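K.L.:
Quick one, structure for this:
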Amino acid sequence: MNPVVLMALLATLGTWLVTALGAATVVFFKSPEQRVFNLMLGFASGVMIAASFWSLLQPAIERAEVASGLPAYLVATVGFLFGATFMWISDKVISLTRRGLASPGDSKNARFGRIGMLILSITLHNIPEGLAVGVAFGVLQSGAYDAKALMGAITVAVGIGLQNFPEGAAVSVPLRREGLSRRKSFLYGQATGMVEPIAGVMGALLVVYVEAILPYALAFAAGAMILVAVHELIPECQKSQETHPYFATAGIVLGFAVMMLLDVMLG
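P.N.:
Below you'll find the predicted structure:
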């Protein structure tokens, strides 16, 4: 196996493991403390926003003109918008499917529909996250293991891993509330992260063997991550603001600062 692809596989296996750790919280308690959960989600969203620029968009801009011959601003903008649009369409498909499965008169089918859509939605969101890690490691093929590119790939993997912990809990805990056993809630929760190693390997292979697509792929991953952070994580972490108005906000700022520090200092 190509060493770059192997590194992408190992990194995404790590992010899957963090998802499993988050899902395992259901073993210890049925519902985590809301302010801690909000802080974790806020931190994860801050990490993803910072990683989207320094580890994905910036390398996309730097490589755009060399790889494609087109203006860097055009390549980065097109890739970014395609990534955000992909996630928006995916979210719309999930919403339409959820409404189609809704059956108020049948509580059992409605319950299974909620469970299925929760698992499907998180699994779908994990695909671009795995791609982002794979693409970031794929950069190393053309950069001859450049230290800056390697650190950028590691920071993307770390950022995805950090946000996967609350994401795993966000699946397993609601499933437990729906009446599933702790064991089944954990198994379904960790299973949502299984797509990340697959997507990571695909992303790495894509940019390794089709180098011209690299800047577009980096920008695409950034657009997908920004939309997930802004549309999903930030609104979710802002719940219960009346009791702890700045708890989630502090998490966002801290997450952004930590990822910015890692990228700028080590990159």
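
K.L.:
and stretch 122-137, how far from the chain's centre?
P.N.:
Here the centre of stretch 122-137 is set off from its chain's centre by 6 Å, with CA atoms, centre = their mean, to the nearest Å.

K.L.:
now residue 37, nearest residue through space, not along the chain?
P.N.:
Once flanking residues are discounted, residue 37 sits nearest to residue 166: 6.4 Å by CB to CB, 6 or more residues apart in numbering. Bear in mind the C-beta positions are built from the backbone N, C-alpha and C, glycine included.

K.L.:
Could you give me the buried positions within the strand or helix carrying that neighbour?
P.N.:
Applying DSSP states H and E as the criterion places residue 166 in helix 147-177. Within helix 147-177, the residues that count as buried by 16 or more other CB atoms under 10 Å are 149-176.

K.L.:
Just the buried residues of stretch 10-28, please?
P.N.:
11-12, 14-16, 18-26.

K.L.:
Confirm for me that residue 237 is in contact with residue 45.
P.N.:
Yes: between residue 237 and residue 45 there is a contact under CB atoms under 8 Å: 6.5 Å.

K.L.:
which neighbours do those two share?
P.N.:
251-252 (CB atoms under 8 Å, 6 or more residues apart in numbering).

K.L.:
So the two - more neighbours on which side?
P.N.:
Remark: of residue 237 and residue 45, residue 45 carries more neighbours, 29 against 25, as counted by other CB atoms under 10 Å.

K.L.:
List the contacts of the closest residue to the more buried one other than its chain neighbours.
P.N.:
Excluding its sequence neighbours, the residue lying closest to residue 45 (CB to CB, 6+ apart) is residue 233, at 3.8 Å. Contacts of residue 233 were listed using CB under 8 Å, 6+ apart, and they are 41-42, 44-45, 48, 163.

K.L.:
what separates residue 233 from residue 84, distance-wise?
P.N.:
The gap separating residue 233 from residue 84 is 15 Å, by CB to CB, to the nearest Å.

K.L.:
quick one on the thing from earlier: what helices or strands is the helix holding residue 166 leaning on?
P.N.:
Here helix 147-177 touches helix 3-23, helix 34-51, helix 107-143, helix 182-191, helix 247-266, going by 3 or more CB pairs under 8 Å, 6 or more residues apart in numbering; DSSP states H and E.

K.L.:
Format those helices as JSON lines; extra columns: distance to residue 227.
P.N.:
Converted to JSON lines, those look like this (distance: least, CB to CB, whole Å):
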{"stretch": "helix 3-23", "distance to residue 227": "19"}
{"stretch": "helix 34-51", "distance to residue 227": "10"}
{"stretch": "helix 107-143", "distance to residue 227": "9"}
{"stretch": "helix 182-191", "distance to residue 227": "23"}
{"stretch": "helix 247-266", "distance to residue 227": "16"}
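
K.L.:
Now do the same for the closest residue to residue 262 other than its chain neighbours: its pLDDT.
P.N.:
In space, and not counting its chain neighbours, residue 262 is closest to residue 155: 5.1 Å by CB to CB, 6+ apart. Here, the pLDDT recorded for residue 155 equals 78.

K.L.:
So residue 155 sits against residue 52, correct?
P.N.:
No: assessed by CB under 8 Å, residue 155 is found out of contact with residue 52, at 11.0 Å.

K.L.:
and stretch 253-267, what's its mean pLDDT?
P.N.:
80.

K.L.:
Check stretch 39-56 too.
P.N.:
Mean pLDDT, stretch 39-56: 81.

K.L.:
now swap in stretch 16-35 and tell me
P.N.:
Stretch 16-35 comes out at a mean pLDDT of 80.

K.L.:
And for that stretch, what's in contact with it?
P.N.:
By CB under 8 Å, 6+ apart, stretch 16-35 touches 126, 161-162, 164-173, 175-177, 182, 185-186, 188-190, 192-194, 196-197, 239-240, 243-244, 247.
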